[in-house]
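Sharing a model prediction with you, sequence too.
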Protein chains: 2
Amino acid sequence: MDNKIFDMENARAQMRKSLLEYCILLAISQGELYASDILSELKADNLIVVEGTLYPMLSRLKSDSLLEYSWKESKAGPPRKYYRLTGEGKRTLEQLTLTWQELTSSINSLIKKYEKNN
Amino acid sequence: MDNKIFDMENARAQMRKSLLEYCILLAISQGELYASDILSELKADNLIVVEGTLYPMLSRLKSDSLLEYSWKESKAGPPRKYYRLTGEGKRTLEQLTLTWQELTSSINSLIKKYEKNN
DNA sequence: ACCCAGTACCTTGCATAAAAAGGTAGTGGG
DNA sequence: CCCACTACCTTTTTATGCAAGGTACTGGGT
């Protein structure tokens, strides 16, 4: 079957490849956000993402049950999908935060070795 | 012409996508290493890379003039290519280290916001 | 003298992922 | 009632990481 929900075993490899998913979960963890909010939030932190990357990723995270959304009306324009973390999303985010900390400590240890030889 | 050597302007986007190149430069910064050395070095720090990824990357870094190599004989087996950083490689590595620090601080600032709401 | 295991280098082809570009539709103002 | 704006989503292109496959040099055993 191999019908994995999120494959935490590979999370480290995943993360090394791409931090985007993690950052998006982090951004949404702040409350209910819709796509444009997420883009500005990440941009404010100098992490550039574009629409064509974000929408497919939100759909994937939704179908993995890490996110859920509700429609809300907007003052000007069409209604918006406001995303929030599910319980599983929160647990996953905490796991990913651990993985992130391990990754940074690995790289920082390499950096230290470099500084010695210089 | 657009004959960029390394496109430092995009280094942040590059890094977000893939930290591998940075880690490889970091590993080589410790001295002269050949491919297997690099693999074990990264593995020791829990950063898994495989041959099929490493060799093309070494070639690219070489043709970007960030690395150079010299052949050395081995006690048992064929000769090895020992890589080291060029001057430009060292400068690039320092730039990338700055970028890495900015990236971690961006993400850590997101993490803090998350912890507040929890 | 010759084969074979071990090591080292490198390339090809595939799967996945990000980005660019293009497409549909609701809303409100003029 | 059209048009600009916003929002959502999909399709196509491009890049990347990896598995697998391929060549070649070496030294030891027979």
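Great, that's in hand.

Report how many residues lie close to residue A:99.
18 (other Cβ atoms under 10 Å in any protein chain shown). In short, each C-beta sits where N, CA and C put it, glycine included.

contacting residues around the residue of chain A found nearest DNA strand D?
The minimum distance from chain A to DNA strand D, using Cβ to the nearest atom of the strand, falls at residue A:35 (3.2 Å). Shown in contact with residue A:35 (Cβ atoms under 8 Å, 6 or more residues apart in numbering or on different chains): A:51, A:54-55, A:58, A:80-81.

Between the residues you listed, which sits nearest residue B:75?
The nearest member of these to residue B:75, counting by Cβ to Cβ, is residue A:54 at 53.2 Å.

Check the gap between residue A:86 and DNA strand C for me.
For residue A:86, the distance to DNA strand C equals 20 Å [Cβ to the nearest atom of the strand, to the nearest Å].

Can you give me the neighbour number for that residue?
Count around residue A:86 with other Cβ under 10 Å applied: 15.

Scan chain A for its longest helix.
Looking across chain A with DSSP state H, the single longest helix is helix A:87-116.

Next, see if that helix gets close to chain B.
Yes - using Cβ under 8 Å from any Cβ of the partner chain, helix A:87-116 reaches chain B at A:90, A:93, A:97, A:100, A:102-104, A:106-107, A:109-111, A:113-114.

a markdown table for these, including neighbour count, pLDDT and distance to residue B:22?
Shown next, in a markdown table, are the residues of helix A:87-116 next to chain B (neighbours: other Cβ atoms under 10 Å in any protein chain shown; pLDDT from 0 to 100; distance: Cβ to Cβ, whole Å):
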| residue | neighbour count | pLDDT | distance to residue B:22 |
| --- | --- | --- | --- |
| A:90 | 16 | 94 | 30 |
| A:93 | 19 | 92 | 25 |
| A:97 | 18 | 91 | 21 |
| A:100 | 21 | 91 | 16 |
| A:102 | 13 | 89 | 17 |
| A:103 | 19 | 90 | 12 |
| A:104 | 15 | 92 | 12 |
| A:106 | 19 | 91 | 12 |
| A:107 | 21 | 92 | 8 |
| A:109 | 13 | 90 | 14 |
| A:110 | 21 | 90 | 9 |
| A:111 | 18 | 92 | 10 |
| A:113 | 15 | 85 | 14 |
| A:114 | 19 | 80 | 11 |
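
Now narrow those to whatever sits close to DNA strand D.
Residues of the residues of helix A:87-116 next to chain B in contact with DNA strand D (Cβ under 7 Å from any atom of the strand): none.

hang on, the earlier thing: could I get the phi/psi values of the residue of chain A closest to DNA strand D?
With angles defined as degrees, to the nearest 10, residue A:35 sits at phi -50, psi -50.

repeat for residue A:72
phi -140, psi 150.

who's in contact with stretch A:36-51?
Residues from elsewhere that reach stretch A:36-51 (Cβ under 8 Å, 6+ apart): A:19-20, A:23-24, A:27-28, A:30, A:33, A:35, A:54, A:83, B:12-13, B:16, B:102-103, B:106-107, B:109-110.

Having no further points to raise, I will conclude here.
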